[in-house]
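# Structure, please.
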Amino acid sequence: MNIKQILNTAVGGYSLSKILSALVTLLVCLIAVRLIMKVVTRLLSRMQKVNERLQKVIRTSVKVLLYVLTVIITAEALGFNTSSLTALLSVLTLGITLAAEDILGNVAGGLVILSSHPFALGDFIEAGGTSGTVREIGLNHTKLETANGQMILMPNKDLSKIINYTVLGRRRIVRTVTASYDAPTETVMTACMEAVEATANILPDPAPAVHLTDYGASSIEYTIYCWCTVENYWPAYHSINEKLRDTFAKHNVEMTYDHLNVHILDK
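Predicted coordinates for the structure are as follows:
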């Protein structure tokens, strides 16, 4: 038995030329992967709108794809039927996609958030009927801290309609209050404005305003509009509530409430 036959037996019947060819192919592929990753990293570093976390995800995804292609190309160089391998990978990919549909939807939503920047850490937002301060932005979910101190994990695919209260640097306070029909409109509006003026951290621009907004069954509704900075929203909102009671009492304005009047008639 000559050396070539011994080598063929040792490698399970594959010819030495095929093995050498596969090794060379593998080496070339690995060099190509390294060069391509350098180019991808350089291109991503020039994209200032793509943050570091999203860059890491893109690099990892490209690297995994390139390594899968390297395995397929190397297997083909050894003489494997890569069509069956490709079909197997396709079936596995389809199965994983169906099993992880929600996860992939969340990841896609996370990529959109990380690339478009609709909000940032520390912003107060409202989405999916939930409002809170953004504490963490991940690929799968976003963590919100609500005003009552609860931590909520919002799936990224549910963050379709987002209201960002922080991005403008100010937030509007809208407070409705009812008064008796017996109270003159100007007197009620004056009492409301005095409550706003007595509240700290209310911005002068846009100017506060009070409007008559509705005629109820037993009361008239007035709405107060004013602005404050985002961090002062809740203190200012509660302060207005407290001041309204004092200013209404000062101007003898009755705050209405639901009640039932019973009249007894003598026959």
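
# buried sites along the lengthiest helix in the chain?
Determined from DSSP state H, the single longest helix within the chain is helix 16-46. Buried residues in helix 16-46, defined by neighbour count with 16 or more other CB atoms under 10 Å: 19, 22, 25-26, 29, 33, 40, 44. All C-beta atoms are positioned from the backbone trio N, CA, C, and that covers glycine.

# Dump the residues you listed to CSV, plus distance to Y181.
Shown next, in CSV, are these (distance: CB to CB, whole Å):
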residue, distance to Y181
I19, 97
A22, 92
T25, 89
L26, 88
C29, 84
V33, 79
V40, 71
L44, 66
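
# Out of the residues you listed, which two are the most distant from each other?
Farthest-apart pair in those is I19 and L44; separation 36.9 Å (CB to CB).

# Surely W234 is in contact with T133?
No. The pair W234 and T133 does not pass the contact test of CB atoms under 8 Å, sitting 11.5 Å apart.

# Neighbour count: those two, which is higher?
When W234 and T133 are compared on other CB atoms under 10 Å, the one with more neighbours turns out to be T133, at 17 against 13.

# tell me what whichever helix or strand the more buried one is part of is packed against?
T133 is part of strand 130-137 when elements are defined by DSSP states H and E. Counting contacts by 3 or more CB pairs under 8 Å, 6 or more residues apart in numbering; DSSP states H and E, strand 130-137 packs against helix 101-116, strand 124-127, strand 141-145, strand 151-155.

# Quick one, which of those gets closest to S219.
Closest to S219 of the helices and strands packed on strand 130-137, according to CB to CB: strand 124-127, at 29.3 Å.

# Paired strands for that closest one, with orientation please.
According to DSSP bridges, the neighbouring strands of strand 124-127, each with its direction, are strand 130-137 (antiparallel), strand 162-164 (antiparallel).

# now these in TSV, with distance to L78 and mean pLDDT?
Rendered in TSV, the data for the strands paired with strand 124-127 read as follows (distance: least, CB to CB, whole Å; pLDDT from 0 to 100):
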stretch	distance to L78	mean pLDDT
strand 130-137	44	88
strand 162-164	51	88
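
# Deepest-packed of these, please.
Among the strands paired with strand 124-127, judged by mean count of other CB atoms under 10 Å, the one packed with the most neighbours on average is strand 130-137 (a mean of 17).

# Now do stretch 28-35: everything it contacts.
With CB atoms under 8 Å, 6 or more residues apart in numbering as the test, stretch 28-35 has contacts from 63, 66-67, 69-70, 73-74.

# And the pLDDT for the residue nearest to C228 when sequence neighbours are not counted?
Sequence neighbours aside, A236 is the residue nearest to C228 in space, at 4.5 Å (criterion: CB to CB, 6 or more residues apart in numbering). You'll see A236 listed with a pLDDT of 94.

# just I103 next, same as before
According to the predicted model, the pLDDT of I103 comes to 62.

# that older thread, and the helices and strands packed on strand 130-137: which comes nearest T178?
Taking CB to CB as the measure, those were each checked against T178, and strand 124-127 came out nearest at 26.0 Å.

# remind me which residues of this structure are low pLDDT?
For the chain, the stretches with pLDDT under 70 are 1-15, 47-51, 53-54, 80-107, 259-261, 267.

# again, only using 90
Per-residue confidence of the chain (counting by pLDDT under 90) places the weak regions at 1-34, 36-123, 125-132, 136-142, 146-150, 152-169, 216-218, 230-231, 234, 254-267.

# Around the closest residue to S45 other than its chain neighbours, count how many other residues there are.
Taking CB to CB, 6+ apart, and ignoring the residues beside it in sequence, S45 has Q55 as its nearest neighbour in space, at 7.5 Å. Neighbourhood size, Q55 [other CB under 10 Å]: 17.

# quick check, K63 in a helix?
Yes. Using DSSP: H, G, I helix; E, B strand; the rest coil, the secondary structure at K63 is a helix.
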